[in-house]
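S.K.: Build me a model:
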Amino acid sequence: MTSAETDATSSPDATTGAGDATSSPDAAKGRALDEFGGTIGRGQVRTIRAPWGASTVTRVRQAVVTDLRARDLTEQTIDEAEIVVSELMTNAIRHARPLADGCLRVRWKVRGEVVELEVTDGGGDTAPVPAPAAVWVSSGRGLRIIRSLAHEWGVSEDKGAQTVWAAVGGPSRRRAT
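M.R.: Numbering: from 1, shown residues only. Predicted coordinates:
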């Protein structure tokens, strides 16, 4: 990890995903921490290991929004990031497996007004592709929503893990795959 990164990882108790904010050096200096133990609005990169499960989506979404607001990004970028991270996490929980430790890895990187969000899971039986447009279906719109909000998005795979990422607020330095 470089000095420009802040790695906010949950405590060893992965069932809660909450770190002990009172024992952190940042807490001792009076810096605000989120429930995952990460310093809000600090560093270029944030990473959370979130417990596998639908109830985690709201908690991670709130952590992302709080962090981005502390960075004074535009409300449009924050709103788009909120929707995209929710869809990425929901798709991972619905269509894939957790990582070996039973978690998802959620990472976001902020460069100027661009926010690159990614969710890494243990992969699934099918590749993530947007579903065809259909008026009367009750699900299957997640990647189409991401595609409509993100400047670019893509999927990468690496040794038992699959990462779906999207950039909002402008182009990232990544290339869609």
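
S.K.: who's in contact with stretch 106-115?
M.R.: The contact list for stretch 106-115 (C-beta atoms under 8 Å, 6 or more residues apart in numbering) reads 44-50, 60, 64, 67-68, 71, 73-74, 77, 81, 85, 88-89, 116-120, 151, 167-173. C-beta coordinates here come from the backbone N, C-alpha and C atoms, glycine included.

S.K.: repeat that with 7 Å
M.R.: Residues from elsewhere that reach stretch 106-115 (C-beta atoms under 7 Å, 6 or more residues apart in numbering): 44-48, 50, 60, 64, 68, 71, 73-74, 77, 81, 85, 89, 116-119, 167-170, 172.

S.K.: Over to stretch 159-177?
M.R.: Looking at what lies outside stretch 159-177 - C-beta under 7 Å, 6+ apart - the contacts are 77, 80-81, 84, 88, 91, 96, 99, 113-123, 128, 146, 149-156.

S.K.: Only whichever of these are buried, select them in ChimeraX.
M.R.: Of the contacts of stretch 159-177, the buried ones go into a single ChimeraX selection, burial set by 16 or more other C-beta atoms under 10 Å:
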select :77,80,81,84,88,91,96,99,114,115,116,117,118,119,120,121,122,123,128,146,149,150,152,153,154
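
S.K.: CA atoms only: put the longest helix anywhere in the chain into CSV for me.
M.R.: In the chain, assigned by DSSP state H, the helix with the most residues is helix 75-95. In CSV, the C-alpha atoms belonging to helix 75-95 read as follows (Å, rounded to 0.1, in the frame of the first residue of the first chain):
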residue,chain,number,x,y,z
GLU,A,75,-23.9,15.9,-5.2
GLN,A,76,-24.4,14.4,-8.7
THR,A,77,-21.2,12.4,-8.4
ILE,A,78,-22.1,11.3,-4.9
ASP,A,79,-25.6,10.3,-5.9
GLU,A,80,-24.3,8.3,-8.9
ALA,A,81,-21.6,6.6,-6.7
GLU,A,82,-24.3,5.7,-4.2
ILE,A,83,-26.4,4.0,-6.7
VAL,A,84,-23.5,2.3,-8.5
VAL,A,85,-22.0,0.8,-5.3
SER,A,86,-25.4,-0.4,-4.2
GLU,A,87,-25.9,-2.2,-7.6
LEU,A,88,-22.4,-3.6,-7.6
MET,A,89,-22.8,-5.1,-4.1
THR,A,90,-26.3,-6.4,-4.7
ASN,A,91,-25.3,-8.1,-8.0
ALA,A,92,-22.3,-9.7,-6.2
ILE,A,93,-24.5,-11.0,-3.4
ARG,A,94,-27.2,-12.2,-5.8
HIS,A,95,-25.1,-13.8,-8.5
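
S.K.: Please spell out which residues along it are buried.
M.R.: So for helix 75-95, counting by 16+ other C-beta under 10 Å, buried means 77-78, 80-93, 95.

S.K.: One more: stretch 58-78?
M.R.: Buried, per 16+ other C-beta under 10 Å, within stretch 58-78: Arg59, Val60, Arg61, Ala63, Val64, Thr66, Asp67, Leu68, Leu73, Thr77, Ile78.

S.K.: With that, I have no additional questions.
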